[in-house]
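Chemist: Can you look at this prediction? I've put the sequence above it.
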Amino acid sequence: MPITIPKQLPAHDILEKENIFIMDTVRATTKDIRPLNIVIVNLMPEKERTETQLLRLLGNSPLQVLVTFLHTATHDSKTVSKSHLKQFYHTFDAIKDKRYDGMIITGAPVELLSFEEVNYWEELQKIMEWSKTHVSSSLHICWAAQAALYYHYGVGKHELSGKCSGVFAHQVFHPTVELIRGFDDEFLAPHSRYTGTPMKAIQNDNRLTLLAATKENDPFIIISNDKKHIMITGHLEYDNDTLAEEYHRDRKKGLNPAIPKNYFPNNNLEEVPLNRWRSHAHLLFSNWLNYYVYQETPYVWELS
């Protein structure tokens, strides 16, 4: 089944060339079907790239998905045009009375700030609180995973000695849990962050289950036992060249970044990195849509 997005969205043509089954919103209105309504809170600076990455994964499912994009009203994004935001995005006030089957909150380049220092933290808290009653299941990525752990469960973060950037091996702890059903015992995934999540805090919280971690014992996939909240501390949605672009961007800024680990073939900056995590990215998103959104959400939302 298709993913339903506006035909004018830049991701539309990209995904169509990749043979992703998409349907524009006009055609979708002629179909007698109840689509899954997913709201994406896009906090990333390069919004158009993140849109394409997430839509590509949401579109690889037998379920019809209707996506709504959200941006924060309390932060003025300087890396995306105002016309793009006006045409394709909403603010929280515009959708707060609606119900959604699923929500995705992306990462954001604000890790080195305390949560309370982030200028849209108050707004994001309102969204996360609202999600408890208006969303069946929420998927939080990278910084948003840390934000959700902090807001919902009081789990803090700590600054790393240097940026964690690269592709790392992960081990699975609970292979029968639906979210990671079909995962290999060991799998690869990209990370790009300056902060970490304390492993023991996750393991000692009886509201949470740690599903996967890096071989260095950094938590990666965490799920709440009520299935409402899923936290992914890395970036399975990344393209093969995303870490490379981040590395070269940081070099231009004079940050002297380390070369991403286990990423460039032969550690050679001239060689094109391979996407070695694509299958698990698709599997995770497909499992989430099936087991935690489609099978958990009511056909008709009842207002409480």
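Modeler: Sure, I can see it.
Chemist: Quick check: which element contains Glu16?
Modeler: Take DSSP states H and E as the rule and Glu16 turns out to sit in helix 10-17.
Chemist: other SSEs contacting that helix?
Modeler: Other helices and strands packing on helix 10-17, by 3 or more CB pairs under 8 Å, 6 or more residues apart in numbering; DSSP states H and E, are strand 3-5, strand 22-24, helix 47-58. For glycine as for every other residue, the C-beta is placed from the backbone atoms N, C-alpha and C.
Chemist: Just give me the lowest mean pLDDT stretch among the ones you listed.
Modeler: Here the helices and strands packed on helix 10-17 differ in mean pLDDT, and the lowest is strand 22-24 at a mean of 56.
Chemist: Can you list phi and psi of Ile95 for me?
Modeler: Phi and psi for Ile95, reported as degrees, to the nearest 10, are phi -120, psi 0.
Chemist: roughly how far apart are it and Ile40?
Modeler: For Ile95, the distance to Ile40 equals 11 Å [CB to CB, to the nearest Å].
Chemist: In terms of packing, which of these two has more residues around it?
Modeler: Neighbours per residue (other CB atoms under 10 Å) separate Ile95 from Ile40, with Ile40 holding more: 24 against 16.
Chemist: Where does the prediction get shaky in the stretch 151-300 of the chain?
Modeler: 298-300 (pLDDT under 70).
Chemist: Would you state the helices of it in chain order?
Modeler: Using DSSP state H, counting those that start in this stretch, the helices of the stretch 151-300 of the chain run over residues 199-203, 242-252, 278-287.
Chemist: Met44 and Gln87, how far apart?
Modeler: Met44 is 18 Å from Gln87, by CB to CB.
Chemist: Comparing those two, which residue is more hemmed in?
Modeler: Each of Met44 and Gln87 has its neighbours counted (other CB under 10 Å); Met44 has more, 22 against 11.
Chemist: neighbours of the closest residue to that one other than its chain neighbours, just the number please.
Modeler: In space, Met44 comes closest to Thr50 once its chain neighbours are excluded; the distance is 4.2 Å by CB to CB, 6 or more residues apart in numbering. Using other CB under 10 Å, Thr50 is surrounded by 25 other residues.
Chemist: My understanding was that Thr50 contacts Thr106; is that so?
Modeler: Yes. Here Thr50 reaches Thr106: they are 5.8 Å apart, a contact under CB atoms under 8 Å.
Chemist: what's the overlap in contacts for these two?
Modeler: Asn42, Met44 (CB atoms under 8 Å, 6 or more residues apart in numbering).
Chemist: Name the SS class of Ile40, please.
Modeler: strand (DSSP: H, G, I helix; E, B strand; the rest coil).
Chemist: Name the residues linked to it by a beta bridge.
Modeler: Phe69, Ile104 (DSSP bridges).
Chemist: list the contacts for it?
Modeler: Ile40 neighbours (CB under 8 Å, 6+ apart): Glu51, Leu54, Val67, Thr68, Phe69, Leu70, Met103, Ile104, Ile105, Thr106.
Chemist: and if you look at Ile221?
Modeler: Under the criterion of CB under 8 Å, 6+ apart, the neighbours of Ile221 are His170, Leu179, Ile180, Leu210, Leu211, Ala212, Ile230, Met231, Ile232, Thr233, Leu284.
Chemist: can we see that at 10 Å?
Modeler: Contacts for Ile221 (CB atoms under 10 Å, 6 or more residues apart in numbering) come out as 145, 170, 172-174, 177, 179-180, 183, 189, 209-213, 230-234, 236, 284.
Chemist: How about Glu237?
Modeler: Glu237 makes contact with 50, 52-58, 104, 106-107, 141-142, 190, 277, 281, 284-285 under the criterion CB under 10 Å, 6+ apart.
Chemist: Could you check how far Lys82 is from Met44?
Modeler: Taken as CB to CB, the span from Lys82 to Met44 is 17 Å.
Chemist: my bad, should have said Arg276
Modeler: In this view, Arg276 and Met44 are 22 Å apart by CB to CB.
Chemist: got it, and Met128?
Modeler: If you go by CB to CB, the gap between Met128 and Met44 works out to 17 Å.
Chemist: thinking again about what came up before, just put the helices of the stretch 151-300 of the chain in TSV and tack on mean neighbour count and distance to Glu116.
Modeler: Output for the helices of the stretch 151-300 of the chain, formatted as TSV (neighbours: other CB atoms under 10 Å; distance: least, CB to CB, whole Å):
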stretch	mean neighbour count	distance to Glu116
helix 199-203	14	19
helix 242-252	16	26
helix 278-287	19	31
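Chemist: Now tabulate those in JSON lines and tack on distance to Leu9.
Modeler: JSON lines is the format used below for the helices of the stretch 151-300 of the chain (distance: least, CB to CB, whole Å):
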{"stretch": "helix 199-203", "distance to Leu9": "36"}
{"stretch": "helix 242-252", "distance to Leu9": "20"}
{"stretch": "helix 278-287", "distance to Leu9": "19"}
